[in-house]
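[1] Sequence first, then the predicted structure:
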Amino acid sequence: MDDIYIARQPIYDANLKVIAYELLFRSGKANKANVIDGDSATTNVIINALTEIGMDQLVGPHKAFINLTHNHVLQMAEQPLLELKERLVLEILEDIEAEDVIIEAVTKLVKEGFTIALDDFIYSETLQPLVDISEIIKIDLMALTKEELEEHVKKLSNGKRKLLAEKVETQEEFDHCKELGFDYYQGYFFSKPQIIKGKSLPANKLAIMKLLEKLQDNESSTEELAQTITQDITLSIRVLRYINSAQFGFGKEVDSIQQAIMMLGRSTIRNLANLVAMSQIKDKPHELLIISMIRAKMAENIAQLVKADKEASFTTGLFSIIDTLMNNDMELLIEGLPLIENIRAALIRREGELGEILNCVLAYESGDWKNANYNKLNIDEIRDCYLDALKWASASAFLMK
């Protein structure tokens, strides 16, 4: 896997509370942009932020400012990332003119609910159409004299539009901007851009992560779950092959995913699809998948004995090895999946009921008998949970190949 880099610089309000981060292109460890192709740099930032590192990892609950070139403004208007409209602030770069096609595209984005900012803005009458439809205007202090700065504030302030002072480098500049009534502040005086390093997943693993993300979507309908599985031919064939095996012993063949969901339930089919999807990772030993299967089934067995959430326990056990399968950081991977909070807490921090069940499973797996306990279960009950899981995984593993 290749190392990937992205920089973030905080944006503050007048009370020096972080309200957002600007995401910036970086090609390596050096804290310099080195932008040769603006379109490529913007694409790089968007891909790394949304699919590789993840928005939650980069900005937490805050908004992200992302620069858009002329081409990206038009592309974003054609295919807006509507699911992120509450999280993104789209910065229109300073070299973009207020031509009709741009005004039309930006107006469409505003109507879709996006926040628009004008970057490194220097006023001219020709840019007034963009000013009229923008919510935030970023003014570069280094590009203007004090008199020009004050004139810009007078011209652009309207009570609703927010003004952001960027490239603030001294206490004097900060104090002056506060006196002028700026709303937001950004610059080296507060913080230099921080470089975030991540690992890019190979195309096949990225596709599997995307599939797992869809499968874990609790908001999707049963029909949408069935469609997600059937769209992947390999996935649907393997799921149906498993269901029609002796494991279930149905009297007649199940010939569709929709029928399988009706007969076995949504949770069973989703867990099975998760397992089959993970089995498609080909650069890891097949034994790793068997380990994840044993963990999943053992966690489910323990949950059944103590009347905990069986489905969540199975998922926790199954995903407990995803960092090894993907060669990536667990927290980074989990942030990209729409898992419920108690599963996240268990996988990342070993917290909560699921975390304790997982700790028991891992302790038994490694022969740490002192810590192989959970709730009021005795060691014989825990051993039986493991042996049943081992039997299930051994019977199922060949169907995952």
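    Great, that's in hand. Numbers count the residues shown, from 1 in each chain.

[2] Against residue 363, how distant is residue 22?
    Distance from residue 22 to residue 363, counting by CB to CB, to the nearest Å: 45 Å. Just so you know, the C-beta spots here come from the backbone N, C-alpha and C atoms, and that holds for glycine as well.

[3] Residue 269 now?
    From residue 269 to residue 363 the distance is 30 Å (CB to CB).

[4] Report back the residue of this protein that's furthest from centre.
    Largest separation from the mean C-alpha position in the chain: residue 147, at 43.9 Å (CA atoms, centre = their mean).

[5] list the helices and strands whichever strand or helix holds that residue packs on?
    In the assignment (DSSP states H and E), residue 147 maps to helix 146-156. The contact analysis (3 or more CB pairs under 8 Å, 6 or more residues apart in numbering; DSSP states H and E) places helix 146-156 against strand 136-140, helix 171-180.

[6] Mind giving me the packing neighbours of the longest one?
    So that's helix 171-180. Secondary elements touching helix 171-180 (3+ CB pairs under 8 Å, 6+ apart): helix 146-156, strand 162-166.

[7] Tabulate the CA atom coordinates of the shortest one in PDB.
    Same thing as strand 162-166. Written as PDB, here are the backbone C-alpha positions of strand 162-166 (Å, rounded to 0.1, in the frame of the first residue of the first chain):
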ATOM      1  CA  LYS A 162     -19.400  35.800   7.000                       C
ATOM      2  CA  LEU A 163     -15.900  37.200   6.600                       C
ATOM      3  CA  LEU A 164     -12.900  35.000   7.200                       C
ATOM      4  CA  ALA A 165      -9.400  36.500   7.600                       C
ATOM      5  CA  GLU A 166      -6.800  34.200   6.300                       C
END
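
[8] That one to strand 136-140, inter-axis angle?
    Angle, strand 162-166 to strand 136-140, by axes from the mean of the first three to the mean of the last three CA atoms, to 10 degrees: 30 degrees.

[9] Please name the residues that touch residue 348.
    Contact analysis of residue 348 by CB atoms under 8 Å, 6 or more residues apart in numbering lists 330-331, 334.

[10] Also residue 224?
    Residue 224 touches residue 217, counting by CB under 8 Å, 6+ apart.

[11] Assumed it was part of a helix.
    Yes - the assignment for residue 224 by DSSP: H, G, I helix; E, B strand; the rest coil puts it in a helix.

[12] On the pLDDT front, check it for me.
    At residue 224, the pLDDT value in this model is 85.

[13] and if you look at the one 4 residues further on?
    The per-residue pLDDT reported for residue 228 equals 84.

[14] likewise the one 4 residues further on?
    Residue 232 carries a pLDDT value of 74.

[15] Not counting sequence-adjacent ones, nearest residue to it?
    residue 211 (6.4 Å; CB to CB, 6 or more residues apart in numbering).

[16] Looking at residue 22 and residue 363, which is more packed in?
    residue 22 (25 against 17; other CB atoms under 10 Å).

[17] ok, what's across the strand from residue 194?
    residue 8 (DSSP bridges).

[18] list the contacts for it?
    Contacts of residue 194 by CB under 8 Å, 6+ apart are 7-9.

[19] From the residues you listed, which one has the minimum pLDDT?
    residue 7 (81).

[20] Make sure that one is actually in contact with residue 191.
    No - judged on CB atoms under 8 Å, residue 7 makes no contact with residue 191 at a distance of 11.0 Å.

[21] out of these two, which sits in the more crowded spot?
    residue 7 (20 against 15).

[22] how close does the more buried one sit to residue 193?
    Taken as CB to CB, the span from residue 7 to residue 193 is 4 Å.

[23] One more: residue 256?
    From residue 256 across to residue 193, the span is 52 Å (CB to CB).

[24] Those two: which has the busier surroundings?
    Neighbours per residue (other CB under 10 Å) separate residue 256 from residue 193, with residue 193 holding more: 20 against 12.

[25] So what does that one look like in phi/psi?
    Backbone dihedrals for residue 193, given as degrees, to the nearest 10, come out at phi -60, psi 140.

[26] Can you give me the pLDDT of it?
    On pLDDT, residue 193 comes in at 86.

[27] For it, give its distance to residue 385.
    50 Å.

[28] Now, of the contacts of residue 348, which are buried?
    Neighbour counting by 16 or more other CB atoms under 10 Å classes 330, 334 among the contacts of residue 348 as buried.

[29] And the contacts of residue 348, which is closest to residue 359?
    Distance to residue 359, by CB to CB, is smallest for residue 330 among the contacts of residue 348, at 14.8 Å.

[30] doesn't residue 347 make contact with that closest one?
    Yes - here residue 330 reaches residue 347: they are 6.2 Å apart, a contact under CB under 8 Å.

[31] element containing residue 345, please.
    For residue 345, the element it lies in under DSSP H and E is helix 341-349.

[32] Now that helix: average pLDDT?
    Mean predicted confidence for helix 341-349 is 93.

[33] same for whichever helix or strand comes after it, what does it pack against?
    Next along the chain after helix 341-349, taking DSSP H and E as the criterion, comes helix 352-365. Under the contact definition 3+ CB pairs under 8 Å, 6+ apart, helix 352-365 sits against helix 286-305, helix 310-319, helix 341-349, helix 379-397.

[34] got the angle for the longest one vs helix 352-365?
    Interaxial angle, helix 286-305 versus helix 352-365 (the same axes, to 10 degrees): 130 degrees.

[35] From the contact counts, what lies against helix 286-305?
    Looks like helix 286-305 contacts helix 266-279, helix 310-319, helix 322-326, helix 352-365, helix 379-397 (3+ CB pairs under 8 Å, 6+ apart).

[36] Mean neighbour count, those helices: which tops it?
    Scoring those by mean neighbour count under mean count of other CB atoms under 10 Å gives helix 310-319 as the most buried, with a mean of 24.

[37] quick one: contacts of the helix holding residue 147?
    Under the criterion CB under 8 Å, 6+ apart, residues 121-123, 131, 137, 139, 141, 144, 163, 176, 180-182 lie in contact with helix 146-156.

[38] go again using 6 Å as the cut-off
    Contacts of helix 146-156 with the rest of the structure, by CB atoms under 6 Å, 6 or more residues apart in numbering, involve 123, 137, 139, 180.
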